[in-house]
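> please work out how this folds:
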Amino acid sequence: MSPRSLTVDESLLRRMARDAAIYSLTRPSALVMWFALAGALVLSILNLSAPVAPGAQAPFAAGWMPVIIAGLAGFAVFMSVSGARTAVRIAMPVEQVVWVSLEDDRLQVGSGRRRSDIDYRTFQKMHVGKDAVLLKLRDTSVATAIPRALLTDADIATLRSKIS
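Now for the predicted structure:
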């Protein structure tokens, strides 16, 4: 395939970061965290209505636990979005030309003067978002983001067949 390219703008970066944040917030390990936070929130709310012995006071932190848990959930979302924006912005600065080329044995990606040749075996799985294609690297939590506009549906099918 001959390389396809596009110039990155602020809007594309925001949309790609959104796709990356959604991906990171819905991965299996993140889903475990969300279930744990939801369970803790339910238990802390139920604890608020638990009977207290006459003359005794409820634990001081009991009233604050739902607020703390909701704050932790908000913080997790904020950090995921912030991390995704930073990672995409570093990989593809605004006004840089980004290009991609699918070769027989590797994916070639470039941004500005940088160029990466990545063997398909390096990737564990692929997630196609609305504006970004995310390729998760094996044995890490890192993903490479490529603008979706650079890949045709046939390219996506080719990538899926090469990434097992």
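> use CA for all of it now, contacts and neighbours both
OK.
> tell me where the longest helix sits in this protein.
Identified as the longest helix of the chain according to DSSP state H is helix 65-91.
> what residues of the next helix or strand after it count as buried?
Using DSSP states H and E, the helix or strand that follows helix 65-91 in sequence is strand 97-102. For strand 97-102, burial by neighbour count (16 or more other CA atoms under 10 Å) applies to 97-102.
> and these, which is closest to residue 79?
When the buried residues of strand 97-102 are compared for distance to residue 79, the smallest value, 25.8 Å, is given by residue 98; criterion: CA to CA.
> and the longest helix of the chain, what does it pack onto?
In terms of contacts (3 or more CA pairs under 8 Å, 6 or more residues apart in numbering; DSSP states H and E), helix 65-91 is packed against helix 10-25, helix 28-48.
> contacting residues around the last one?
Counting by CA atoms under 8 Å, 6 or more residues apart in numbering, helix 28-48 makes contact with 24-25, 62-63, 65-66, 69-70, 73, all of which sit outside it.
> buried among these? Make that a ChimeraX selection.
Under the burial definition 16+ other CA under 10 Å, those of those that qualify are selected in ChimeraX by:
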select :24,25,65,66,69
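> got TSV for the contacts of helix 28-48, with distance to residue 143 and pLDDT too?
Conversion of the contacts of helix 28-48 to TSV gives the following (distance: CA to CA, whole Å; pLDDT from 0 to 100):
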residue	distance to residue 143	pLDDT
24	9	89
25	13	91
62	39	71
63	39	78
65	34	88
66	33	90
69	28	92
70	28	94
73	23	94
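> to residue 145, which of the helices and strands packed on helix 65-91 lies closest?
The stretch from these with the least distance to residue 145 (CA to CA) is helix 10-25; that distance is 7.7 Å.
> could you give the number of residues near residue 115?
Neighbourhood size, residue 115 [other CA atoms under 10 Å]: 13.
> make sure it is indeed in a strand.
Yes - according to DSSP: H, G, I helix; E, B strand; the rest coil, residue 115 belongs to a strand.
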